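Participant: Everything below, folded, please.
(chains A and B)
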Amino acid sequence: MCATIAKNYLVENPSIKDLYEEVFKEALYEVGRLWEANKITVATEHLATAITEGILNELYGELDIPETKHQHKVVLACASNEAHQVGVKMVADVFEMNGWESYFLGTGIPMSELVKFIQQTEPAVVAISLSIFFNYRNLVEMIAVLKSEFPNLTIIVGGQGFLHQKEGSFEKLENIKYISNLYELDTYLKSI
Amino acid sequence: MKIRKANPEWDALINEMSMNSASIAYGLFTPEGNLIFANNTMCHYLGTNTTELQPQNNLINPNFEKIVTYKSNSELVFEGLLTIGDYTNKHYVLNSKIFKRNNTYLVFAEADVFHLFEENGKMSSLNQEVNNLQRQLIKEKKTLQQTLNKLKETQQLLIHSEKMNALGQMIAGVAHEINNPIAFVTNNLYELEKYAQNFITAYHSLELEVEKNASQELKNSVQRIREENEIDYVTEDMTEIISESKMGVERVKKIVEDLRKFSRLDEAEIKRIDLASTIDSTLTIVKAEIAKKNIQFSFDSTQKMMVDCYPGQLNQAILNVLVNAIQAVNDGGKIGLQIKEEDNQVMIIVEDNGIGITKENMSKIFDPFFTTKPVGSGTGLGLSITDKIINDLHKGKIEVASEIDKGTIFKLIIPKEIK
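Facilitator: Residues are numbered from 1 along each chain as shown, chains lettered A, B, ... in the order given. Reported below is the predicted structural model:
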């Protein structure tokens, strides 16, 4: 049923970005809020996530990807210890819609493996997602390693974790591009 | 216990919370296993509720028959895993302690939440992994589909070029065979024209001679022969027939020339040329036509773009497209010619606002001898030749977009360097 709703939405408004931002993101943020308030169990949260990922996979098959010969590459991962990957998956889709080749690594990739992978694929951009502010320190450490290994690498960060700006200052992340939503990402990708 | 003593005002609340806790289950039982009192979760495990206290399920292991036999020095008679359920369907395995005081038993059981959290985490990450694999599969399926499409395209090209090759060989043979007779017919026609002129001049002199010096009798018989053979008409028409025949033969020569170009594409050498200035030289051929139809023509010939190509052939290819454009537009129409460089490729774009190509014809425009022009004004070979020059010779491709009454765009795309 959820897949039908998503498909009907696309019939009325064929913007995938709108669907991701206004439906998926809002719905999952709401699920997060309900879980925090103990209104739903962790099992329900996982069910919601699994349904969303299922629809994302379905849509991914039909994504309109432009054919370009010299594709830029992007490696996408989550901050270490992060367990949420739906957001960064939508980010991967926006990269692909802009003709990028995406390498989606998801959650739980060890730092040494990430470094090795970047050495092999030589991406133009590495995108890291932070969903839980709690993992902010891990993100800072990851970026420090990446910066020392690949001084010229462009790193972009984003995710729900950055909405809770209660603690710490994000300006600490020097030479890092923070992107707050998919529209901003799309504009950014079209500008480079 | 200290808290309870120090803070008796909390007793009620703590009791209430433990009554409703989802992870802790407790109940008081008689030695026969009848339920005296239980919290919500114990009731849930036993399939009853706190007011009825009528268990549908049992303590399976240990069961009450076993529990009553346990001996102990303290109130604690059992400590370990307790299985509750209905034997067949659902059952729960819980960490438990069973106490005996006077003649009642307290069964206290709890779920191992740490273990559950761990399992839950494992399950989530497995689920994510499955999801990511699925995404990977979709991606690979797409790549396969693309490869398949490319293969199909290549196959089409191969079939096409095979067809063109066979046709080319046949045409080369025919062209060669026609070329020889055409050569002597042409020569003979020129000679015939000369002889005819001589003949007519001589005849007129003879006539004059007869007029001046011949007897009336001879004059009459000359007049009779002249009328019988329609000499006046014949001399007049002969010149015309010869001139028409010459035009016809010229036309056959042109067709044979086109056929030869199509089938053989004269082996020339690859040269590095300045594209804009080469195109400029081609334009001189069509300048007159462009001026005659009052066409607004645009081309920036100052662009510097070096490209490896067969210059003569490339010019021919561009010229063919241009000639079509000129014929497609109305008087005062627009034709734009542009050159662009992209991804190591060179694009020559000819855009007109002419009559356009119908969908039906679009698939045939590169077929040899296909033409929409009036009989006699086109050989139907122009775009076939262009196709061969761009696709086969330069390993490039042609893209066409057209809309009826709006115009047509031809893109001739060739690699900057031929391998």
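Participant: can you list the domain ranges for the chain.
Facilitator: You didn't say which chain, so I picked chain A. A:2-62, A:73-191 (automatic domain parsing).
Participant: You answered for a different chain; I wanted chain B.
Facilitator: If you go by automatic domain parsing, chain B breaks into B:2-111, B:151-264, B:271-415.
Participant: okay, now the residue of the stretch 301-419 of chain B found nearest chain A: neighbour count?
Facilitator: Nearest residue of the stretch 301-419 of chain B to chain A, counting by Cβ to the nearest Cβ: residue B:343, 5.5 Å away. Every C-beta, even on glycine, is put in place using the N, C-alpha and C of the backbone. Using other Cβ atoms under 10 Å in any protein chain shown, residue B:343 has 11 other residues around it.
Participant: measure it to residue A:64 for me?
Facilitator: From residue B:343 across to residue A:64, the span is 21 Å (Cβ to Cβ, to the nearest Å).
Participant: follow-up on the earlier one: which one of the domains of chain A is the most hemmed in?
Facilitator: Among the domains of chain A, domain A:73-191 has the highest mean neighbour count (mean count of other Cβ atoms under 10 Å in any protein chain shown), at a mean of 17.
Participant: quick one: terminal-to-terminal distance for it?
Facilitator: 16 Å (Cα to Cα, to the nearest Å).
Participant: before we move on, what about stretch A:10-25?
Facilitator: 16 Å.
Participant: need the contact list for the residue nearest to residue A:189 when sequence neighbours are not counted.
Facilitator: With Cβ to Cβ, 6 or more residues apart in numbering or on different chains as the criterion, residue A:189 has its nearest non-adjacent residue at 4.3 Å, and that residue is residue A:98. Contact partners of residue A:98, counting by Cβ atoms under 8 Å, 6 or more residues apart in numbering or on different chains, are A:66, A:186, A:189-190.
Participant: between the residues you listed, which is nearest residue A:58?
Facilitator: residue A:66 (20.5 Å; Cβ to Cβ).
Participant: and the helix ranked longest in chain A, what other elements does it pack with?
Facilitator: Secondary structure assigned by DSSP state H gives helix A:42-62 as the longest helix of chain A. Using 3 or more Cβ pairs under 8 Å, 6 or more residues apart in numbering or on different chains; DSSP states H and E, the elements in contact with helix A:42-62 are helix A:2-12, helix A:26-36, helix A:86-97, helix B:113-213.
Participant: what sits up against it?
Facilitator: Helix A:42-62 is contacted by residues A:2-3, A:6, A:10, A:16, A:19, A:24, A:27-28, A:31-32, A:34-35, A:84-86, A:89-90, A:93, B:120, B:123-124, B:127-128, B:131, B:134-135, B:138-139, B:141-142 when judged by Cβ under 8 Å, 6+ apart.
Participant: between it and helix A:26-36, how many degrees?
Facilitator: 170 degrees (axes from the mean of the first three to the mean of the last three Cα atoms, to 10 degrees).
Participant: Quick check: what element follows helix A:42-62 along the chain?
Facilitator: strand A:73-78 (DSSP states H and E).
Participant: Just confirm residue B:276 is within a helix.
Facilitator: Yes. The assignment for residue B:276 (DSSP: H, G, I helix; E, B strand; the rest coil) places it in a helix.
Participant: Do I have it right that it meets residue B:339?
Facilitator: Yes. Residue B:276 lies in contact with residue B:339 (Cβ atoms under 8 Å); the separation is 6.3 Å.
Participant: got the contact list for the residue in the stretch 151-300 of chain B positioned nearest to chain A?
Facilitator: For the stretch 151-300 of chain B, the residue closest to chain A is residue B:153, as judged by Cβ to the nearest Cβ, at 12.4 Å. By Cβ under 8 Å, 6+ apart, the contact list for residue B:153 is empty.
Participant: What distance do you get for it to residue B:159?
Facilitator: With Cβ to Cβ as the criterion, residue B:153 and residue B:159 are 11 Å apart.
Participant: hang on, residue B:393 packs against residue B:308?
Facilitator: No. Using Cβ under 8 Å, residue B:393 is not in contact with residue B:308; the gap is 11.7 Å.
Participant: What parts of chain A come near chain B?
Facilitator: A:42, A:46, A:50, A:53-54, A:56-57, A:60-61, A:65, A:69-70, A:83, A:85, A:89, A:104, A:106-108 (Cβ under 8 Å from any Cβ of the partner chain).
Participant: Recalculate using a threshold of 10 Å.
Facilitator: Contact residues, chain A versus chain B (Cβ under 10 Å from any Cβ of the partner chain): A:41-43, A:45-46, A:49-50, A:52-54, A:56-63, A:65, A:67-70, A:78, A:83-86, A:89, A:92-93, A:96, A:101-108.
Participant: Can you tell me which residues in the stretch 101-250 of chain B are near chain A?
Facilitator: B:116-117, B:120-121, B:123-125, B:127-139, B:141-142, B:146.
Participant: Mind doing that once more with 8 Å?
Facilitator: Checking the stretch 101-250 of chain B against chain A by Cβ under 8 Å from any Cβ, the hits are B:120-121, B:123-125, B:127-129, B:131-132, B:134-135, B:138-139, B:141-142.
Participant: out of the helices and strands packed on helix A:42-62, deepest packed?
Facilitator: helix A:86-97 comes out most buried of these by mean count of other Cβ under 10 Å, with a mean of 23.
Participant: next structured bit after the strand or helix carrying residue B:220?
Facilitator: Under the criterion of DSSP H and E, residue B:220 resides in helix B:216-228. In the C-terminal direction, the helix or strand that comes right after helix B:216-228 (DSSP H and E) is helix B:231-264.
Participant: Send me the helix holding residue B:220 as CSV with only the CA atoms.
Facilitator: Extracted C-alpha coordinates of helix B:216-228, given in CSV (Å, rounded to 0.1, in the frame of the first residue of the first chain):
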residue,chain,number,x,y,z
GLN,B,216,12.3,24.5,-112.5
GLU,B,217,11.9,20.7,-112.8
LEU,B,218,14.8,20.1,-110.3
LYS,B,219,13.5,22.8,-108.0
ASN,B,220,10.1,21.1,-107.9
SER,B,221,11.5,17.7,-107.2
VAL,B,222,13.7,19.1,-104.4
GLN,B,223,10.6,20.8,-102.9
ARG,B,224,8.7,17.5,-103.1
ILE,B,225,11.5,15.6,-101.3
ARG,B,226,11.8,18.3,-98.7
GLU,B,227,8.1,18.2,-97.9
GLU,B,228,7.8,14.4,-98.0
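Participant: List the buried residues in that helix.
Facilitator: When burial is assessed from 16 or more other Cβ atoms under 10 Å in any protein chain shown, helix B:216-228 yields the following buried residues: residue B:222.
Participant: any idea of the mean pLDDT for it?
Facilitator: For helix B:216-228, mean pLDDT rounds to 91.
Participant: on contacts alone, who are the packing partners of it?
Facilitator: Using 3+ Cβ pairs under 8 Å, 6+ apart, helix B:216-228 sits against helix B:113-213.
Participant: Next, the angle strand A:73-78 makes with the helix it packs on.
Facilitator: Going by the same axes, to 10 degrees, helix B:113-213 makes 160 degrees with strand A:73-78.
Participant: so how far is helix B:113-213 off the chain centroid?
Facilitator: Relative to the centre of its chain, helix B:113-213 is centred 18 Å away, using Cα atoms, centre = their mean, to the nearest Å.
Participant: so it versus helix A:86-97, what angle?
Facilitator: Going by the same axes, to 10 degrees, helix B:113-213 makes 10 degrees with helix A:86-97.
Participant: Any figure for the gap between residue A:91 and chain B?
Facilitator: 13 Å (Cβ to the nearest Cβ, to the nearest Å).
Participant: what residues are up against that residue?
Facilitator: Applying Cβ under 8 Å, 6+ apart, the residues near residue A:91 are A:76, A:127, A:129, A:158, A:182, A:185.
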